Structures are given as structure tokens and as C-alpha cells.
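A.B. asks: just need the structure, nothing else, for what follows:
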Amino acid sequence: MTFFDTILFPFIWFDSAILVGFEWLLTRMGMSDTSGWTWVLAIIGLVVTLRALLTPLMIRQIKSQRRLQMVQPELAKIQARYKGKKDQASQKAFQEETFGLYREAGANPFGACLPILIQMPFFFALFRLLNSAQSVSEGRSEPLGLFTRELATKMAESDIFGAGLTSTFLHDQDLSAKILSAVLILVMSGTQFITSHQLMRQNMSPEALNSPMARQQQMLIYILPIVFAVTGVNFPIALLIYWTVSNFWTMGQQFFVIRNMPAPGSPAEAKYRERMIRKGREGTGIQLKNPNLLSERESAEAATEAAKAGQRTQPKSKKRSKKR
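C.D. replies: Model (predicted):
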């Protein structure tokens, strides 16, 4: 067992238990344990189960992102107020105001990335599990989790459309394996492009879309499918099936999020509000922890400005205002 496998040990066991569980269930329903379709359905079941279990984390991530976007103008004001102030007292006040804003908004700056970090070990474990099936079946690698050598051998001996599930585009001469791998790589790259393009064009405000960061993301829309195509030729068909199914899940999930939880100021938000008006409902979307936070801060800011203006134009007494 490698150091990487040791780190992923609990996640590999978890993923292998789901995969083996679906294989056991499908064979008990009458499907052959050496049929490629049994393993395809087991992989699909694994993807759906894993992504469904992680959905609450995804929703939490989206809510954190939306709330951070909603309070971004207020955060910019705080940053401008303390710009150039490097003394300890100013830095402490800046942190207190910033985290106070996050607390009132119910936003966590780390909440947007934490769910992704939690998901990564599960997907790395799944990648390792499916990518090692051939070497495990041949005895070149130790079995991982509950995915025994017997089960790895059954997967290696199974095929769909004449292509073995452990075959790769680059390392197998079988024409069926090359054709199926190429189709899966194209579909995988296409779904990745559609997902990224949909996110950029529908769920970003015009200001955000014209920012330098957005321009870098636009480049990634075209670069990532190429990266998937280049690296995909080395992956077994079983792993390409997992990746393609996962991309379809992501595409559908993102469509739901953009439709029902759009980013502030985006075209998707305008369409969301139009739908709510047609249904006679109020399109509130995701709310801050304190729904009146922005209006309260705006009122407080206006009151402060009025007080400053009053101090600058204090009335003079009649005696002082007489000409000498």
C-alpha cells in the first residue's frame, strides 16, 4: 500500500463498499457478475449515491457564496476605510468589522471552499479504485478496500459494446475500446464545456463577467476540455464512465442552482424574478442571516454623513456674523 493509499484508506473503503454493494444488489436481481452493464450500473449507482450524500455540503457552499456576493459592496467600503492603515489598532478594527459583517450576514468566507475540500478525498479514492482494477486483477497491486482481487478480475473480464472496462484508448489496440473511449472523452469534455459556459454566461453579473478573474475563467472554459481529452486517453473505460456520469450530475445540479439560487445581478437572477412575478410570488432567493442588514448599514451610513455635514455647517451667532 502506497503512502497515498494510506491517506485515502477510509475513503477507499467507503467508496468500495458502495460499489461492491451495488454489484451485489444487481447480481441478486439476476444480472451477471461478469457483464459490463452490471459494473456500469454499479458505477452509476456509486456516483449518484456519493453526489447525493454530498449535496447538503454543496447547498451550504452555494449559500455561502451568494451571501458573500451580497455583502461584497459593504466589504469593499470597510477595506477602503482602512486602506493604507498598517498600525495594530487599525488592523484589529478592520478584522473586527469584517468578521462582524460576515457574522451578521451568516456568511463564512471559508464556507465556499470547505465543502470542495471535503469532497476531494472521496473522488480521489474513487479515481484510485477504478484506475487500479486492471493491476489488482493481474496481481500487480494489492486489493483496495472491499474491492477484492476476485471482483477486480470480474470487472477486468467484463465489457460493453465489445470494449473491456479496464481498456484504455492509448494502451489497447482493440478498435472497440478506442471508439468507446473516444466517444466518452468527447462527451466528458463537452459536458465540462457546457457546464462552465453556463456558469459564466448565466450566473455572473456584467461587472463580474468583465473582471480580470472572469477573463481567466473564460480561458479555462476552453482549456479544461482539452486537458480532459489529453489525459483521458490514459484512463480505463470504467473511470471514463464514472467521470462522464459525474459531469452529467454536475451539469444538472448546476442548472438547478442557477435557476433557483442565482447570483446577485446575474441574467439568471433577472429570469428568476420574472418567473416569480408571473407566479404571483416574491422572488427572495437566498437571504442574509439578518435580512435587513444592508438597509440598516445604508441608513447608519446616511446618518453618519448627515451628522458630519451638520458639524461642517454649524450656524454662527449674530454677534460673530456682523461685519467689523
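A.B. asks: any idea of the mean pLDDT for the helix or strand containing Ile277?
C.D. replies: Using DSSP states H and E, Ile277 sits in helix 267-278. For helix 267-278, the mean per-residue pLDDT is 83.
A.B. asks: got it, and stretch 46-59?
C.D. replies: 87.
A.B. asks: now do it: distance from first to last residue.
C.D. replies: In stretch 46-59, first residue to last residue: 20 Å (C-alpha to C-alpha, to the nearest Å).
A.B. asks: then stretch 152-171?
C.D. replies: 19 Å.
A.B. asks: beyond the helix holding Ile277, next helix or strand please.
C.D. replies: Counting by DSSP H and E, what follows helix 267-278 is helix 293-312.
A.B. asks: pLDDT (mean, whole number) over that following helix?
C.D. replies: Mean predicted confidence for helix 293-312 is 73.
A.B. asks: check which residues of that helix are buried.
C.D. replies: Leu293, Leu294, Arg297 (16 or more other C-beta atoms under 10 Å). Bear in mind the C-beta positions are built from the backbone N, C-alpha and C, glycine included.
A.B. asks: other residues contacting that helix?
C.D. replies: Met70, Val71, Glu74, Lys77, Glu104, Ala105, Leu288, Asn290 (C-beta atoms under 8 Å, 6 or more residues apart in numbering).
A.B. asks: how close does Leu184 sit to Met120?
C.D. replies: 23 Å (C-beta to C-beta, to the nearest Å).
A.B. asks: ok, these two, which is more surrounded?
C.D. replies: Neighbour count, other C-beta atoms under 10 Å: between Leu184 and Met120, Leu184 has more, with 20 against 11.
A.B. asks: in the protein, which spans are strands?
C.D. replies: 159-160, 163-164 (DSSP state E).
A.B. asks: and the last one, which strands flank it?
C.D. replies: Within its sheet, and counting by DSSP bridges, strand 163-164 is paired with strand 159-160 (antiparallel).
A.B. asks: starting at the chain centroid, how far to the partner strand?
C.D. replies: With C-alpha atoms, centre = their mean, to the nearest Å as the basis, strand 159-160 stands 31 Å off its chain's centre.
A.B. asks: quick one: mean pLDDT for it?
C.D. replies: On average, strand 159-160 scores 90.
A.B. asks: which of the contacts of helix 293-312 are buried? Put it as a PyMOL command.
C.D. replies: Selection of buried members from these for PyMOL, criterion 16+ other C-beta under 10 Å:
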select buried, resi 70+71+74+104+105+288
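A.B. asks: would you format the contacts of helix 293-312 as JSON lines with distance to Ala229 and pLDDT included?
C.D. replies: Below are the contacts of helix 293-312 laid out as JSON lines (distance: C-beta to C-beta, whole Å; pLDDT from 0 to 100):
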{"residue": "Met70", "distance to Ala229": "38", "pLDDT": "78"}
{"residue": "Val71", "distance to Ala229": "39", "pLDDT": "80"}
{"residue": "Glu74", "distance to Ala229": "43", "pLDDT": "83"}
{"residue": "Lys77", "distance to Ala229": "45", "pLDDT": "84"}
{"residue": "Glu104", "distance to Ala229": "46", "pLDDT": "82"}
{"residue": "Ala105", "distance to Ala229": "41", "pLDDT": "79"}
{"residue": "Leu288", "distance to Ala229": "42", "pLDDT": "72"}
{"residue": "Asn290", "distance to Ala229": "47", "pLDDT": "71"}
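A.B. asks: please identify which of the contacts of helix 293-312 is nearest to Pro10.
C.D. replies: Nearest to Pro10 out of the contacts of helix 293-312 is Ala105 (C-beta to C-beta; 34.6 Å).
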